[in-house]
Every structure is written in C-alpha cells, then in structure tokens.
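Asks: dropping a prediction and its sequence here:
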Amino acid sequence: MSEGVYQNSDGFEDDEPDAMKNTDIDGQLYANVRAFKSSTRNGVVASDGVTDHHNSTEIDQLQDSNSLLTKKRDQLQNSYNTLTKERDQLQTRYNTLTKERDQLQTSYNTLTKERDQLQTSYNTLTKERDQLQTRYNTLTKERDQLQTSYNTLTKERDQLQTSYNTLTKERDQLQTRYNTLTKERDQLQTRYNTLTKEIDQLQTSYNTLTKERDQLQNSYNTLTKERDQLQTRYNNLTKERDQLQTRYNTLTKERDQLQTRYNNLTKERDQLQTSYNTLTKERDQLQTEKKILSERLSNLSE
C-alpha cells in the first residue's frame, strides 16, 4: 500500500520543465503579436496615427493577458506543492496509526490469556469451595456439640490474626497493580486527545482546500491547456488525499474498538481477581475450622 503512495511522489508525470512551458506560452503570444504587425504592414494603411495606436493597445492587452496567465499558473503550481506535502503528512500519520493498532492488538491478546487463566483458577476454586462447604456442614454439627470448649479457641484466633496480616499484604500488592493499570489508562487517554487534535487540524485543512477548489473552479474557463493539465493533477492528488483520509479514519475506529476491548478485559480481570480472593479467604477459613474441629474430636475421643 505504501508503494502505491510513494511510487510517484508528484502523483503524475511531468516530463516538460516549467521553463520550457513558459517559453512556449510567451512564444505563442509573441507570435500572435508578430502576425498582427505583419498583417498591418501587408495591407492596412494607418491614417493620422490611429492604426498604430490601436495596434499598440492590442499588444499591451496581449502582454497583460500573458502576465495574468503566468500568475494563475504559479498559483496552481503552489497549490499542487501544498497538496503534495499534505499527502506525505497523511501517509506518515497512517503509518503511525498502524503501529499503534498492532500494539493494542498485542495488549488485547495478552489480556485474553490472563482472563482465561483466571477463569480456570476461578473454576478450580469453585469446586474446592463446594467440597469444603460440604465438609463445613458436617463439621458444623460437630461444632455445636463442642460449644463448651469455646475458651480454648483464643489461641487459634491469634493464628487467624497472622493470616489476616498476610492477606493485607496481598491486598497491598493488588493495589499496586491497580495503580499501574490506572497509569496505562491515562497514557491511552493522552493518545486519544492527541488524535482528536489531529482530526480537527485535518478538518481545517479540508475546509481550506475546499475554498481553494471553488476559486479555481470559477476561473476554469479563462485558463490555457497548461492550466487544464495542472487541474487534472490537482484532482488526482485530491483523490489520493481522500483515500488516505479514509484509511486514517478506519484505523482510528479500529484503535478505539481495541481500546474498548482492552478496558472490558481489564474490568473482567479485576472482577475475577476479586472473586478469586474471596474464594481464597473462604477456603482458608473452612480449612482452619476443619483443623479445629478435628482436634476437638480427637481430644474428646481420648
């Protein structure tokens, strides 16, 4: 695709130098002047200087027309150079958006893998929770019988306090991960704002080109064959610019869609992490109660 854009940096072939074009136009105008003078010498007799004055006036008009055509040609050449620069800028932005899209796709794939791993862990913990729940129900009946031994559980409470401290440290680690994700989100927001500014600048450039196109259209009938060639080249560059603009908008939409998927996966990962932590706490509590009740049963049996 980039080869199609840069295959011809001008957008059209121009084998004739500008100096030769100017020489051809000036030569045609001066040929007309010489033809007019010769026709005057061959058959027209001036009376009282009126004919000479009339010829001089027409020569001045032809020279003025030549000056106007030269100015219009220069204006079209400047517009052509401006459109070429805009096309190169749009190509650069297109390449930049392509790289950003690839990076977001990589992040999306990574988050998908993490989500699948967390889902597997979640399912495993769910099964363990169900098994522990069954055991918990059985031990609950036995715990009711051993309610009189409540005072011996004070020491075990201290052990639970230690477990609580451990879970607090894990929570702090998760908070650090959360802060990291917040920074990444802010960086993506900054990129989004930058793209919004670039879109506004492109809209302003588009409006300016539209006004210039209308002005060139109004003076179309007064231009020569050279102007017609430049107008054709101008239209070709405008089409290339519109195609690049369309690709630019398409990449912007793809980037926004990937950003949305990225945010959704981040939320799902956080939810699964929360569920995972909750199930871990429940499992630890049930495991602790199981040990306590088992020790009580062994004491009672003795």
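Replies: Thanks, I have it.

Asks: per-domain residue ranges of the protein.
Replies: For the chain, the structural domains run 20-75, 88-143+153-302, going by automatic domain parsing.

Asks: residues in contact with stretch 128-143?
Replies: Identification of contacts with stretch 128-143 by CB atoms under 8 Å, 6 or more residues apart in numbering yields 279, 282, 283, 286, 287, 289, 290, 293, 296, 297. Heads up, the C-betas are built off the backbone N, CA and C, glycines and all.

Asks: give me the buried entries from the residues you listed.
Replies: With neighbours counted by 16 or more other CB atoms under 10 Å, the contacts of stretch 128-143 contain buried members at 279, 282, 283, 286, 289, 293, 296.

Asks: and the domains of the chain, which one averages the lowest pLDDT?
Replies: If you rank the domains of the chain by mean pLDDT, domain 20-75 sits at the bottom with a mean of 65.

Asks: tell me how far residue 115 lies from residue 272.
Replies: 7 Å (CB to CB, to the nearest Å).

Asks: what do you get for residue 239?
Replies: 50 Å.

Asks: and if you look at residue 285?
Replies: Counting by CB to CB, the gap from residue 285 to residue 272 is 21 Å.

Asks: who has more neighbours out of these two?
Replies: residue 272 (17 against 14; other CB atoms under 10 Å).

Asks: so that one sits against residue 120, correct?
Replies: No - counting by CB atoms under 8 Å, residue 272 stays clear of residue 120, with 10.1 Å between them.

Asks: contacting residues for residue 209?
Replies: 83, 86, 238, 241.

Asks: widest-spaced pair of those?
Replies: With CB to CB as the measure, no two of the contacts of residue 209 lie farther apart than 86 and 238, at 9.9 Å.

Asks: show me which of the two is the more surrounded one.
Replies: residue 86 (21 against 17).

Asks: contacts only, for the more buried one.
Replies: By CB under 8 Å, 6+ apart, the residues touching residue 86 are 205, 209, 241.

Asks: give me the distance between it and residue 232.
Replies: For residue 86 relative to residue 232 (CB to CB), the value is 18 Å.

Asks: and for residue 276?
Replies: 66 Å.

Asks: and for residue 108?
Replies: Taking CB to CB, one finds residue 108 at 44 Å from residue 232.

Asks: neighbour-wise, which of these two wins?
Replies: residue 108 (16 against 10).

Asks: which strand or helix spans the more buried one?
Replies: Taking DSSP states H and E as the definition, residue 108 sits inside helix 50-145.

Asks: can you name the element that comes right after that helix?
Replies: Heading C-terminal from helix 50-145 (DSSP H and E), you reach helix 154-218.

Asks: beyond that following helix, next helix or strand please.
Replies: From helix 154-218, the next helix or strand downstream (DSSP H and E) is helix 225-301.

Asks: centre of the chain to that next one, how far?
Replies: 17 Å (CA atoms, centre = their mean, to the nearest Å).

Asks: start the count at 57, not 1, going forward
Replies: Right, with 57 as the first residue, what we last looked at is helix 281-357.

Asks: quick revisit: got the angle between the helix holding residue 164 and helix 210-274?
Replies: Helix 106-201 runs at 170 degrees relative to helix 210-274, counting by axes from the mean of the first three to the mean of the last three CA atoms, to 10 degrees.
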